[in-house]
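Student: Curious how this folds, go ahead:
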Amino acid sequence: MAQYSAQLDDVFIALADPTRRAVVRRLGSGPASVGDLAGDFPMTLPSFMKHVRTLEASGLIRTVKAGRVRTCTLNRERLALLDDWLAEQRRVWERHTDRLERLVTDPKENPS
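Tutor: As a prediction, the model looks like this:
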(Lines give C-alpha, C1' and ligand atoms only; values in the text may rest on other atoms or scores of the structure.)
Protein backbone atom coordinates (compact mmCIF):
# COMPACT_ATOMS: atom_id res chain seq x y z
CA MET A 1 0.00 0.00 0.00
CA ALA A 2 2.87 2.39 0.79
CA GLN A 3 4.38 1.82 -2.65
CA TYR A 4 0.98 2.46 -4.29
CA SER A 5 0.67 5.68 -2.27
CA ALA A 6 4.18 6.83 -3.25
CA GLN A 7 3.51 6.12 -6.93
CA LEU A 8 0.24 8.01 -6.75
CA ASP A 9 1.99 10.94 -5.04
CA ASP A 10 4.58 11.01 -7.85
CA VAL A 11 1.82 11.16 -10.48
CA PHE A 12 -0.04 13.95 -8.68
CA ILE A 13 3.16 15.95 -8.17
CA ALA A 14 4.00 15.59 -11.87
CA LEU A 15 0.50 16.69 -12.90
CA ALA A 16 0.47 19.64 -10.49
CA ASP A 17 2.25 21.80 -13.05
CA PRO A 18 0.31 23.19 -16.04
CA THR A 19 3.26 22.72 -18.42
CA ARG A 20 3.52 19.05 -17.55
CA ARG A 21 -0.25 18.59 -17.87
CA ALA A 22 -0.07 20.17 -21.33
CA VAL A 23 2.74 17.79 -22.31
CA VAL A 24 0.70 14.78 -21.14
CA ARG A 25 -2.33 16.10 -23.04
CA ARG A 26 -0.23 16.54 -26.20
CA LEU A 27 1.31 13.07 -25.90
CA GLY A 28 -2.21 11.65 -25.72
CA SER A 29 -2.27 12.29 -29.48
CA GLY A 30 0.91 10.30 -30.04
CA PRO A 31 4.68 10.36 -29.54
CA ALA A 32 6.62 13.58 -30.07
CA SER A 33 10.22 14.70 -29.92
CA VAL A 34 11.36 16.85 -27.02
CA GLY A 35 12.13 19.62 -29.50
CA ASP A 36 8.60 19.56 -30.91
CA LEU A 37 7.09 19.56 -27.43
CA ALA A 38 9.38 22.33 -26.18
CA GLY A 39 8.42 24.57 -29.11
CA ASP A 40 4.96 25.04 -27.58
CA PHE A 41 6.33 26.68 -24.42
CA PRO A 42 8.07 30.01 -23.77
CA MET A 43 11.10 28.59 -21.94
CA THR A 44 14.60 27.42 -22.64
CA LEU A 45 15.24 23.80 -23.59
CA PRO A 46 17.11 23.08 -20.30
CA SER A 47 14.11 24.39 -18.34
CA PHE A 48 11.73 22.29 -20.43
CA MET A 49 13.93 19.22 -19.89
CA LYS A 50 13.31 19.52 -16.13
CA HIS A 51 9.63 19.00 -16.86
CA VAL A 52 10.39 16.03 -19.09
CA ARG A 53 12.57 14.47 -16.37
CA THR A 54 9.82 14.97 -13.77
CA LEU A 55 7.26 13.29 -16.03
CA GLU A 56 9.66 10.48 -16.78
CA ALA A 57 10.52 9.97 -13.08
CA SER A 58 6.81 9.76 -12.26
CA GLY A 59 6.38 7.09 -14.92
CA LEU A 60 3.87 9.14 -16.92
CA ILE A 61 6.10 9.28 -19.99
CA ARG A 62 8.93 7.26 -21.47
CA THR A 63 11.71 8.68 -23.58
CA VAL A 64 13.91 7.02 -26.16
CA LYS A 65 16.94 8.61 -27.76
CA ALA A 66 17.75 7.82 -31.38
CA GLY A 67 20.78 9.77 -32.55
CA ARG A 68 20.24 13.37 -31.47
CA VAL A 69 16.46 13.10 -31.14
CA ARG A 70 14.75 12.17 -27.88
CA THR A 71 11.17 10.99 -28.43
CA CYS A 72 8.56 10.99 -25.66
CA THR A 73 5.61 8.63 -25.41
CA LEU A 74 2.77 8.58 -22.92
CA ASN A 75 2.71 5.65 -20.50
CA ARG A 76 -1.01 4.93 -20.41
CA GLU A 77 -0.55 2.21 -17.80
CA ARG A 78 0.59 4.85 -15.31
CA LEU A 79 -2.50 6.90 -16.06
CA ALA A 80 -4.52 3.82 -15.09
CA LEU A 81 -3.13 4.24 -11.56
CA LEU A 82 -4.75 7.66 -11.42
CA ASP A 83 -7.96 6.35 -12.97
CA ASP A 84 -8.17 3.58 -10.34
CA TRP A 85 -7.72 6.10 -7.52
CA LEU A 86 -10.40 8.39 -8.96
CA ALA A 87 -12.82 5.46 -9.33
CA GLU A 88 -12.23 4.55 -5.69
CA GLN A 89 -12.93 8.15 -4.63
CA ARG A 90 -16.13 8.20 -6.70
CA ARG A 91 -17.35 5.04 -4.96
CA VAL A 92 -16.63 6.55 -1.53
CA TRP A 93 -18.45 9.79 -2.30
CA GLU A 94 -21.38 8.03 -3.95
CA ARG A 95 -21.86 5.98 -0.76
CA HIS A 96 -21.80 9.19 1.27
CA THR A 97 -24.30 10.96 -0.96
CA ASP A 98 -26.53 7.85 -1.07
CA ARG A 99 -26.56 7.79 2.73
CA LEU A 100 -27.31 11.50 2.88
CA GLU A 101 -30.18 11.05 0.43
CA ARG A 102 -31.62 8.25 2.58
CA LEU A 103 -31.36 10.45 5.68
CA VAL A 104 -33.18 13.28 3.95
CA THR A 105 -35.89 11.28 2.20
CA ASP A 106 -36.58 8.30 4.49
CA PRO A 107 -38.38 9.23 7.72
CA LYS A 108 -37.21 5.99 9.36
CA GLU A 109 -33.59 7.06 8.93
CA ASN A 110 -34.21 10.52 10.40
CA PRO A 111 -34.77 10.30 14.19
CA SER A 112 -36.05 13.89 14.56
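Student: which stretches of the chain aren't confidently modelled?
Tutor: The chain contains residues with pLDDT under 70 at 96, 98-103, 107, 109-112.
Student: All the strands of it, residue numbers only.
Tutor: 32-33, 61-66, 69-74 (DSSP state E).
Student: Is it possible to get a markdown table of those strands that adds distance to Gly39?
Tutor: Glycine gets a C-beta too; all of them are placed from N, C-alpha and C. Below are the strands of the chain laid out as a markdown table (distance: least, CB to CB, whole Å):
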| stretch | distance to Gly39 |
| --- | --- |
| strand 32-33 | 9 |
| strand 61-66 | 17 |
| strand 69-74 | 13 |
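Student: want to throw those strands into a markdown table with mean neighbour count and distance to Asp84?
Tutor: Listed next are those as a markdown table, based on neighbours: other CB atoms under 10 Å; distance: least, CB to CB, whole Å:
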| stretch | mean neighbour count | distance to Asp84 |
| --- | --- | --- |
| strand 32-33 | 16 | 26 |
| strand 61-66 | 14 | 19 |
| strand 69-74 | 16 | 17 |
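Student: and Ile13, which of the ones you listed is closest to it?
Tutor: Ile13 sits nearest to strand 61-66 of all the strands of the chain, at 14.1 Å, using CB to CB.
Student: which residues touch the closest one?
Tutor: 23-24, 27, 34, 52, 55-56, 70-75 (CB atoms under 8 Å, 6 or more residues apart in numbering).
Student: what angle separates the biggest helix by length in the chain from strand 61-66?
Tutor: The single longest helix within the chain, with elements called by DSSP state H, is helix 76-105. With axes from the mean of the first three to the mean of the last three CA atoms, to 10 degrees defining the directions, helix 76-105 sits at 170 degrees from strand 61-66.
Student: Tell me who's in contact with Thr73.
Tutor: Per CB under 8 Å, 6+ apart, neighbours of Thr73: 27, 31, 61-64.
Student: circling back: to Ala2, which of the strands of the chain lies closest?
Tutor: Of the strands of the chain, nearest to Ala2 by CB to CB is strand 61-66, at 24.1 Å.
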